[in-house]
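Novice: model this:
(3 chains)
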Amino acid sequence: MNYSSDEDDKPLVFKRSSNSDRFKHANQQKPAVPKPVVRPAAKQKSESDDSEDDKPLSSRISTVPIKPNSNHVKIIPTTRPQVKHEDSNHKKPLPSKIPSKPSVGPSVKKHDDSDDDDDDDKPLSLRVNQNGSSSRDININQIKKPNIGSNKRPPNEERSSSQPSVKKSKLSDSHSSPPINRKPVKPESESDDDDDHVPISQRIKNQPPSSSKSSSVKKVMKVNSSSSTFKKSKKVEKKSKYSKPSKVPPGSGEGQKWTSLVHNGVIFPPPYKPHGVKILYKGKPVDLTPEQEEVATMFAVMLDTDYMTKSMFKENFWNDWKKMLGKNHTIQSLEDCDFKPIYDWHQSEKEKKKQMSTEEKKAIKEEKMKLEEKYMWAIVDGVKEKVGNFRVEPPGLFRGRGEHPKMGKLKKRIRPCDITINIGKGAPIPECPIPGESWKEIRHDNTVTWLAYWNDPINGKDFKYVFLAASSALKGQSDKEKYEKARLLKGYISGIRQAYTKDFTNKDLTKRQVAVATYLIDKLALRAGNEKDDDEADTVGCCTLKVENVEPKPPNILKFDFLGKDSIRYQNEVEVELPVFKAIQQFRTGKKGNEDLFDKLDTSTLNAHLKELMPGLTAKVFRTYNASITLDDMLNRDTKGGGNIAENVVVYNQANKEVAIICNHQRSVSKSHSAQMMKLNEKIEELKGVVGELEIDMARAKKGKPPLKGSDGKPKRNMNPEAIQKKIDQTNAKIEKMERDKETKEDLKTVALGTSKINYLDPRITVAWCKRREVPIEKIFNKSLLAKFAWSMDVDPSFRF
DNA sequence: GGTCCGACTTAGAAAGATCCGA
DNA sequence: TCGGATCTTTCTAAGTCGGACC
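Specialist: Next comes the predicted model:
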């Protein structure tokens, strides 16, 4: 498998474009690069302009002339506080001791669900996808089955990967449901999207918000199995099977997710094996019981993490460990403990493992596979599906993100008596893998998709679930429904924007707050922002923004600075419409910094309001919509097409990056980033030196003189001017490539591309674009994503979001 | 109408596997 | 062949949101 680009791949050079700068975050901008600025669309152009509203707001904004003054999105160069390990060369010294301290539904066609599986006469290997195990060199319409030995699915029980056996899409139900007693925003009327002859730009305006033909009777681009490239020339008529109605029998209850469910339960981590390495207390070795040693080891192996700098972590750990040690134990304070002996032992164990031969490693892996194989699969309605997380979480210290008040607390070992199993009636109850113990409870609830759960040992009222893998039909169906809902929003978005714009000045304070919050969720892709408990990290979303998180800067700039999900910092300065600016000023009036900006609002009020505008609409749909429409728009700007595979991959990654920035998907800078950059710089300088020498040789060669000795003192080969010129050109090309690599690396060092690809970008946009551009889908989706998005692979090449 | 519960999706970090250049 | 870089997978925390309950 080769996941890298072709040999002639150009490095991914990303230039910041203005199209989605409305979403951009100050901390992701490089001060050295001139920043494009944007104006909010509504200021320049009415939100009611239907011809533009189905485009991403970002692209509408970018059509506006940009003024070179500060009345635009301002970029503040800052560093993210949560970014760690800036430089591996500055490894923290290891502490040897612990330091102290609708009424009218949109014209969405239902999927053609009536087709029978027309693949039934194909060989099993061509029909079946054992979910989660697709091969790389696949025909994407014929997903291969892995060799999994005895767990073969009986031929009469097979289902194509794109054929779920779950209930009918809720969405399609809602599309056809009668008008509700509200005044929903009218969706725009659109026509079929299957007119290849109509220019895309024209087509998109006439498109229905749902997949219509693309998911019913389809012209499927078959993949050339040798190159895995979508070949335009070979259109094959095929009917979609994925959108088939549920295999759930009619009348089998509304929320039914499956009819039969068989699985083997969960696997537990092995019992603790004491190592006998002693910690030091006031410099002297201390005896610990295996239980005490186990928890001490959990702490010791974290000595080189950032958690050691957090007093909360150490305090929580000490409180739990202290209880295990007992009142009269020798150890009376954490500060006097030295865990380094255990840390060193752990490091040497890791090193030993690393030094094992390939054969030894392979044998261990096979042994593990053998043990786990039976837990890896479930049979859902007769179809073998991969289980996502069949391993019970091992005990450890809680690694809460940000300033989580419970970080460092002991996460106790989960036992069978903590676990509730969900399984089909009549299916054999999984044998409890720990002799002498038994499950807490057995349920037969077919309205849920979980196979097992236990109470979170850190937060007793939360649950930890075991679900099917992302490649399963159940997850796939749910994924597809999510994207269909986002596509439905496309038909409503113009009206919704008009509606909230109108309410910016509504006399009713609640309505005004709803309008402004919806605007921020739409414009900045903010999350809804549920209320949080005191025993969680202090993070916010839109509805929970505090006064201190949004600073109005006249005449109409809002400066955002807050910690969002996972305590990832969101920093952005954005120009907003004047009524929004004024409304925010009003909402802040008379409040302290830590008070709620939207005091009349919570997520249920907001979502209830959104449902009046579109059936099923909630705040998070805007994120999916804006992410997907941005990708679609960026990929299809240059409708002429062209470019080789490598160039197309660059285009895709650029669009992916824009979306990641919109959604504020960040990652911490890798430990070795600065060392890598330094290396690249050195290499570039070295090559520049080579070019310099070659130029001297060239001048001498033209005069018929031999080249000077090399920098190593050795004589160089005599070359003619043409040969020298060729070498100069080659070296310069190498330098250029390295410069581009450097720029890309720096540009993406804090941007996480994966999250949006996995969760926000409708895969049909990608698949259709790959077919149109003849880009092998494997260049964009890895094995896991191909399995997860199996349902999208037969999309029509003309598909647009 | 507010709170809590339950089920699910979304998220970044860490671990593991693979690639690729010296 | 080795080791660092890169990509993939695993892990589990942290969100969203619907609905039951009071």
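Novice: point me to the residue of the stretch 451-600 of chain A nearest DNA strand B.
Specialist: In the stretch 451-600 of chain A, the residue found nearest to DNA strand B is A:Ser478; the distance is 3.5 Å by C-beta to the nearest atom of the strand. C-beta: built from backbone N, CA, C; applies to glycine.
Novice: buried ones in the helix or strand hosting A:Leu785?
Specialist: Assigning secondary structure by DSSP states H and E places A:Leu785 in helix A:783-788. Going by neighbour count (16 or more other C-beta atoms under 10 Å), the buried part of helix A:783-788 is A:783, A:785-788.
Novice: just checking, what packs against that helix?
Specialist: Judged by 3 or more C-beta pairs under 8 Å, 6 or more residues apart in numbering; DSSP states H and E, the packing partners of helix A:783-788 are helix A:473-503, helix A:754-759.
Novice: do the shortest one and DNA strand C meet at all?
Specialist: If I follow you right, that is helix A:754-759. Yes: Helix A:754-759 comes into contact with DNA strand C (C-beta under 7 Å from any atom of the strand), by way of A:Gly754.
Novice: let me see the mean pLDDT of that helix.
Specialist: Mean pLDDT, helix A:754-759: 97.
Novice: following element in sequence after that helix, please.
Specialist: helix A:763-773.
Novice: returning to what we had before: how about the helices and strands packed on helix A:783-788 in TSV, adding mean neighbour count?
Specialist: Formatted as TSV, these follow (neighbours: other C-beta atoms under 10 Å):
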stretch	mean neighbour count
helix A:473-503	23
helix A:754-759	18
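Novice: as CSV, those with distance to A:Glu548 would be great.
Specialist: Below are the helices and strands packed on helix A:783-788 laid out as CSV (distance: least, C-beta to C-beta, whole Å):
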stretch, distance to A:Glu548
helix A:473-503, 24
helix A:754-759, 27
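Novice: run a quick neighbour tally on A:Trp258.
Specialist: Burial of A:Trp258 is recorded as 27 neighbouring residues (other C-beta atoms under 10 Å).
Novice: is it correct that it is in contact with A:Lys425?
Specialist: No: in this structure A:Trp258 lies outside contact range of A:Lys425 using C-beta atoms under 8 Å: 11.3 Å.
Novice: ok, and for the helix or strand that contains A:Leu631, which residues are buried?
Specialist: Using DSSP H and E, A:Leu631 maps to helix A:619-635. For helix A:619-635, a neighbour-count test (16+ other C-beta under 10 Å) marks A:619-635 as buried.
Novice: repeat that for stretch A:291-301.
Specialist: For stretch A:291-301, by 16+ other C-beta under 10 Å, it's A:292-301.
Novice: residues near A:Glu385, how many?
Specialist: 27.
Novice: and it, how far from A:Ser311?
Specialist: Distance, A:Glu385 to A:Ser311, using C-beta to C-beta, to the nearest Å: 45 Å.
Novice: show the contacting residues for A:Arg700.
Specialist: The contact partners of A:Arg700, by C-beta atoms under 8 Å, 6 or more residues apart in numbering, come to A:706-708.
Novice: isn't there a helix covering it?
Specialist: Yes: when DSSP: H, G, I helix; E, B strand; the rest coil is applied, A:Arg700 is found to be in a helix.
Novice: and the gap between it and DNA strand B?
Specialist: 27 Å (C-beta to the nearest atom of the strand, to the nearest Å).
Novice: now do A:Asn782
Specialist: 10 Å.
Novice: quick one: pLDDT of that residue?
Specialist: 95.
Novice: what number of residues lie near it?
Specialist: 15.
Novice: and what of A:Pro271?
Specialist: For A:Pro271, the neighbour count with other C-beta under 10 Å is 9.
Novice: likewise A:His444?
Specialist: For A:His444, using other C-beta under 10 Å, the count is 12.
Novice: quick check: it touching A:Ile423?
Specialist: Yes: between A:His444 and A:Ile423 there is a contact at 6.5 Å, judged by C-beta under 8 Å.
Novice: still on that earlier bit, out of the buried residues of helix A:619-635, who's near DNA strand B?
Specialist: Restricting these to those within reach of DNA strand B (C-beta under 7 Å from any atom of the strand) leaves A:620, A:623-624.
Novice: of those residues, which ones also sit close to DNA strand C?
Specialist: With C-beta under 7 Å from any atom of the strand as the criterion, these include A:Lys620 near DNA strand C.
Novice: kindly indicate which of the buried residues of stretch A:291-301 lies nearest DNA strand C.
Specialist: For these, the nearest to DNA strand C is A:Met298 (11.2 Å; C-beta to the nearest atom of the strand).
Novice: make sure that closest one is indeed in a helix.
Specialist: Yes: assigned with three-state DSSP, A:Met298 falls within a helix.
Novice: that one and DNA strand B, how far apart?
Specialist: In terms of C-beta to the nearest atom of the strand, A:Met298 sits 12 Å off from DNA strand B.
Novice: contact partners for that residue?
Specialist: Here A:Met298 is in contact with A:395-397, A:410 (criterion: C-beta under 8 Å, 6+ apart).
Novice: let's see 6 Å
Specialist: Applying C-beta atoms under 6 Å, 6 or more residues apart in numbering, one finds that A:Met298 lies in contact with A:396-397.
Novice: hang on, A:Tyr453 in a strand?
Specialist: Yes: assigned with three-state DSSP, A:Tyr453 falls within a strand.
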